[in-house]
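Peer 1: mind folding the following:
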Amino acid sequence: MKRILHVVSSVDPALGGVAESIRSRGVKLVEMGHTVEVVSLDDPAAPFVANYPLKLHPLGHGCTAWQYHTGLVPWLRAHAERFDAVVVDGLWQFHGLAARTVLAGSSVPYYVFTHGMLDPWFNRTYPLKCLKKWLFWPWADYRVLRDARAVLFTCEEEKLLARQSFWLYRANERLAPLGTTEPPAHGAALAEGFRQTHPQLRGQPFFLFLGRLHPKKGCDLLLGAFAQVAHAHPAQQLVMAGPSEASYLAALQAQAKALGIEYRVHWTGMLKGDAKWGALYACDAFVLPSHQENFGIAVVEALACAKPVLISDKVNIWREIAQDGCGLIEPDTLAGTTHLLRDWLNLPNAGRAAMAAQARQTFDQRYTVQASANALLGALAA
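Peer 2: Alright, predicted model coming up:
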């Protein structure tokens, strides 16, 4: 049995896929008899800490955006030898360098999950941030990757993109696909519960965006595309579910109003538990026109609920989706996103049903949390 420690800046579920992947896979590994603990730079008083399902060591917030924390290196020195492997989740913050400082050359190997943070899209989109990363790269993150026992990628596309990000790149690359938990079986009841909570959607078909509302997710493209198809499909609604900064949410709502679709776009905030699963079961299709998405846990959750996924070709698992025929793929542009919605709306019922059935098959074959746990164990043992 393996004893595994995750080192991460935060396990806050509001931050999206990294936290969810650690949680779901960790719970499965514990069920399999392994030991999984997490050390994070979270506030011990944060509400999500108390109910975290894995043994969590929240050390408190670090300083600056880099999250420098004086207590992390001493904590790792005191506790790392209890574990067979240490997994660093994410780059560009202090926790990776702290793990290398303690573990490079030691008897305890460490591994790095990049979680898409070496995607060259970030360098093109945020050139000033890229310049700051270059200041850290030669003496920090480059060495963190170089000295790791292995650097883990969730799919082939992510691995290939990482090689384009920074020169001096050197890593022992391995694949360890992610997965997500099986959704609750009582889908019809959950869907009905969601519609009761949002009565304006009763009897109405809707597209679902589920995730953090952020510019990289293509939220503005989705609103623009929905406005293009809304007139021809007067019953169709759009649900935008997820947390957001107040200023960005206000900008999106102003855009919806300017497009004349404000009464057909529904903002639910972050959905958790039954509310999240209810939204997934109740929707017609899941939509994510993201400009950059390493894996997309919400995409896989939609597949698990037998929902076709309409995604951009910047969601790194798009090749698998296209190969299996469980969704539609287009570029991350307004025209591409409009094609996604229009092509789905023009599909005959038989075509939609076939795509929905394949969605669930794809989840069973590729993206269960059991498969993810086995993949991580295989990567650690290789």
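Peer 1: in the stretch 51-200 of the chain, which spans are strands?
Peer 2: 55-58, 85-89, 110-113, 150-153, 173-175 (DSSP state E, counting those that start in this stretch).
Peer 1: distance of the residue lying closest to residue 134 once chain neighbours are set aside from residue 199?
Peer 2: Leaving out its chain neighbours, the residue that sits closest to residue 134 by C-beta to C-beta, 6 or more residues apart in numbering is residue 166, at 7.5 Å. (Each C-beta comes from the backbone N, C-alpha and C, glycine too.) Distance of residue 166 to residue 199, given as C-beta to C-beta, to the nearest Å: 51 Å.
Peer 1: who has more neighbours out of those two?
Peer 2: residue 166 (18 against 8; other C-beta atoms under 10 Å).
Peer 1: my guess is the more buried one contacts residue 138. True?
Peer 2: No: using C-beta atoms under 8 Å, residue 166 is not in contact with residue 138; the gap is 9.1 Å.
Peer 1: break this protein into its domains for me.
Peer 2: The chain breaks down by automatic domain parsing into domains covering 3-179+369-381, 187-366.
Peer 1: okay, those domains in TSV with mean pLDDT next?
Peer 2: Formatted as TSV, the domains of the chain follow (pLDDT from 0 to 100):
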stretch	mean pLDDT
domain 3-179+369-381	95
domain 187-366	96
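Peer 1: stretch 205-219: end-to-end distance?
Peer 2: 19 Å (C-alpha to C-alpha, to the nearest Å).
Peer 1: picking that back up, wait, which of the strands of the stretch 51-200 of the chain is closest to residue 229?
Peer 2: Smallest distance to residue 229 across the strands of the stretch 51-200 of the chain (C-beta to C-beta): 35.4 Å, for strand 150-153.
Peer 1: restricting to C-alpha, output that closest one in CSV.
Peer 2: In CSV, the C-alpha atoms belonging to strand 150-153 read as follows (Å, rounded to 0.1, in the frame of the first residue of the first chain):
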residue,chain,number,x,y,z
ALA,A,150,8.5,12.2,-13.0
VAL,A,151,6.3,15.0,-14.4
LEU,A,152,2.7,13.9,-14.8
PHE,A,153,0.3,15.0,-17.6
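Peer 1: neighbouring strands - and their directions - for it?
Peer 2: In the sheet, strand 150-153 lines up against strand 110-113 (parallel), strand 173-175 (parallel) (DSSP bridges).
Peer 1: and the helix or strand containing residue 380, which residues are buried?
Peer 2: In this structure, residue 380 is located in helix 369-381 according to DSSP states H and E. Residues of helix 369-381 classed as buried by neighbour count (16 or more other C-beta atoms under 10 Å): 369, 371, 372, 373, 374, 375, 376, 377, 379, 380.
Peer 1: hang on, the earlier thing: reformat the strands paired with strand 150-153 as CSV; add mean neighbour count and distance to residue 2.
Peer 2: Formatted as CSV, the strands paired with strand 150-153 follow (neighbours: other C-beta atoms under 10 Å; distance: least, C-beta to C-beta, whole Å):
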stretch, mean neighbour count, distance to residue 2
strand 110-113, 26, 12
strand 173-175, 16, 16
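Peer 1: contacts for the host helix or strand of residue 323?
Peer 2: Per DSSP H and E: residue 323 is located in helix 318-324. Residues lying outside helix 318-324 but in contact with it, judged by C-beta atoms under 8 Å, 6 or more residues apart in numbering, are 155-157, 299, 309, 311-312, 315, 327, 329, 358, 361-362, 366.
Peer 1: mind listing what residue 315 touches?
Peer 2: Neighbour list for residue 315: 288, 290, 293, 296, 299, 321 [criterion: C-beta under 8 Å, 6+ apart].
Peer 1: phi and psi next, for it.
Peer 2: Here is the backbone geometry of residue 315 (degrees, to the nearest 10): phi -90, psi 120.
Peer 1: that's a strand at residue 229, yeah?
Peer 2: No: per DSSP: H, G, I helix; E, B strand; the rest coil, residue 229 lies outside any strand segment and is helix.
Peer 1: and it, what is it in contact with?
Peer 2: 236, 338, 341, 342, 345.
Peer 1: go again using 7 Å as the cut-off
Peer 2: 338, 341, 342, 345 (C-beta atoms under 7 Å, 6 or more residues apart in numbering).
Peer 1: I'd say the last one and residue 233 touch.
Peer 2: Yes: Residue 345 is in contact with residue 233 according to C-beta atoms under 7 Å; the separation is 5.5 Å.
Peer 1: just to revisit the earlier point, now the helix holding residue 323: buried residues?
Peer 2: 318, 320, 321, 324.
Peer 1: quick one on the thing from earlier: can the buried residues of helix 369-381 go into TSV with extra columns for distance to residue 258?
Peer 2: TSV is the format used below for the buried residues of helix 369-381 (distance: C-beta to C-beta, whole Å):
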residue	distance to residue 258
369	42
371	44
372	42
373	46
374	49
375	45
376	46
377	51
379	48
380	51
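Peer 1: for the protein, longest helix please?
Peer 2: With secondary structure taken from DSSP state H, the chain has its longest helix at helix 349-366.
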